[in-house]
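Novice: can you look at this prediction? I've put the sequence above it.
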Amino acid sequence: MTTLTAPPKTAPPPARTRKPSGTATWRRRIPLLPALIFTIAVTQLPFVATLVISTFQWNILKPGDRHFVGLSNFTFVFTDERLRTAVLNTVVLTASVVLISVLLGLGLAMLLDRRFLGRGLARTLLIAPFLVMPVAASLLWKHAIYNPDYGLLNGTLNAVYRFFGAHHGPTVDWVSSYPMPAVVISLVWQWTPFMMLILLAGLQSQPGDVLEAARMDGASAMATFRHITLPHLRQYLELGILLGTIYVVQTFDAVYTITQGGPGSQTTNLPYEIYLTMFRKYEYGEAAAAGVVVVLGSIVIATFALRTIASLFREEASR
């Protein structure tokens, strides 16, 4: 006797999701148009105007002598000795500040990642320098710390000398004697908290089970940091370096306030050189061309930063 079996049930085909039509898509985007128009008017139109000015030989002291020169101003930017010096100073300043800030920020982040009494207060105090306005921070370092007569550095140095029996210690003009380190230290003080926050977020996103497994296997603290923590922090380190580079390249406040580019253009970076070209030499075309070069360089760096941020988001979403 044969038994009839019912055919196996098959799952219904998944419902197709209808893509919104072009009219519906634009209807959703219309509320964003005012913000888009405002952003274009505020950011892109001035940049287009700067591009146009960069193609003119324009000195405000000779108002009737303005004429079109094409790319000559850009040739001047890449061949002028003062601008080459400014580029070199910008590279030295940016690399020094970013690398030192990342190393100090990593050390502070590892300390703050541990539990101890008063950790919240310590975090608040360490973040405070980043919240100070750049001009105020520069004035603080120039007058309260670097001043040769009443600054903290010379006061501490004289106190140490008097402690060992000397009548008084040496009087050092820190800004004139060490102009580039003076600017670098002030910027490191301000940007280390920024790096610390990024790296602290990376440390706190580490999977706890992996660290616990490493401890159970008898891995030392140095081995755990080298083989687990450091590879995990790679993208956070890249993000901090890229974002720090974007911001430090544009530094103007510290250079203008502490050294004004001197002595002998030792600390003149690109933003300050553009300021001198614009407001001291009154060469609008040359200043505009240098500004365009700086913006294009910043865009290149920002592109890598955005890719790093996108990869971080993809990694978090895949967990």
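Specialist: Sure, I can see it.

Novice: what separates Glu119 from Met195, distance-wise?
Specialist: Not Glu; residue 119 is Arg. To Met195, Arg119 is 18 Å away according to CB to CB, to the nearest Å. Quick note: C-beta positions are derived from backbone N, CA and C, even for glycine.

Novice: and Leu106, by the same measure?
Specialist: Applying CB to CB, the value for Leu106 to Met195 is 7 Å.

Novice: give me the most central residue, the chain.
Specialist: Residue closest to the mean C-alpha point of the chain, counted by CA atoms, centre = their mean, is Gly244 at 2.1 Å.

Novice: before we move on, the earlier item: give the residue from Arg119 and Met195 that has the larger number of neighbours.
Specialist: More neighbours surround Met195 than the other of Arg119 and Met195, with 28 against 13 (other CB atoms under 10 Å).

Novice: which non-adjacent residue is nearest the more buried one?
Specialist: Of all residues beyond its chain neighbours, the one nearest Met195 is Gly105 (2.9 Å), with distances taken as CB to CB, 6 or more residues apart in numbering.

Novice: now do the contacts for the one you found.
Specialist: Contact analysis of Gly105 by CB atoms under 8 Å, 6 or more residues apart in numbering lists 192-199, 240.

Novice: ok, 6 Å please
Specialist: The neighbourhood of Gly105, defined by CB atoms under 6 Å, 6 or more residues apart in numbering, consists of 192, 195-196, 199.

Novice: okay, and which of the residues you listed map to helices?
Specialist: Taking DSSP state H, the ones among these that sit in helices are 192, 195-196, 199.

Novice: got JSON lines for the residues you listed, with pLDDT too?
Specialist: What follows is the ones in helices among the contacts of Gly105, written out as JSON lines (pLDDT from 0 to 100):
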{"residue": "Thr192", "pLDDT": "96"}
{"residue": "Met195", "pLDDT": "95"}
{"residue": "Met196", "pLDDT": "95"}
{"residue": "Leu199", "pLDDT": "93"}
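
Novice: residues in contact with Ser138?
Specialist: Per CB under 6 Å, 6+ apart, neighbours of Ser138: 253-254, 257-258.

Novice: grab the nearest non-local neighbour of it.
Specialist: Leaving aside its sequence neighbours, Ser138 sits nearest to Thr257 (CB to CB, 6+ apart; 3.6 Å).

Novice: so what's the residue count around the one you found?
Specialist: Neighbour count for Thr257, taken as other CB under 10 Å: 20.

Novice: check the one 3 residues further on too.
Specialist: The burial count assigned to Gln260 is 14, neighbours taken as other CB under 10 Å.

Novice: check Leu242 too.
Specialist: By other CB under 10 Å, the residues close to Leu242 number 19.

Novice: and for Val160?
Specialist: 11.

Novice: my read is it is in a strand, agree?
Specialist: No - if the criterion is DSSP: H, G, I helix; E, B strand; the rest coil, then Val160 is helix and not within a strand.

Novice: what about the contacts of Ser138, which are in helices?
Specialist: Among the contacts of Ser138, the residues falling in helices (DSSP H) are 253-254.

Novice: which of the contacts of Ser138 tops the neighbour count?
Specialist: Neighbour counts for the contacts of Ser138 peak at Ala254, which has 27 neighbours (criterion: other CB under 10 Å).

Novice: all strands for the chain, in order.
Specialist: Secondary structure of the chain (DSSP state E): strands at 56-57, 67-68.
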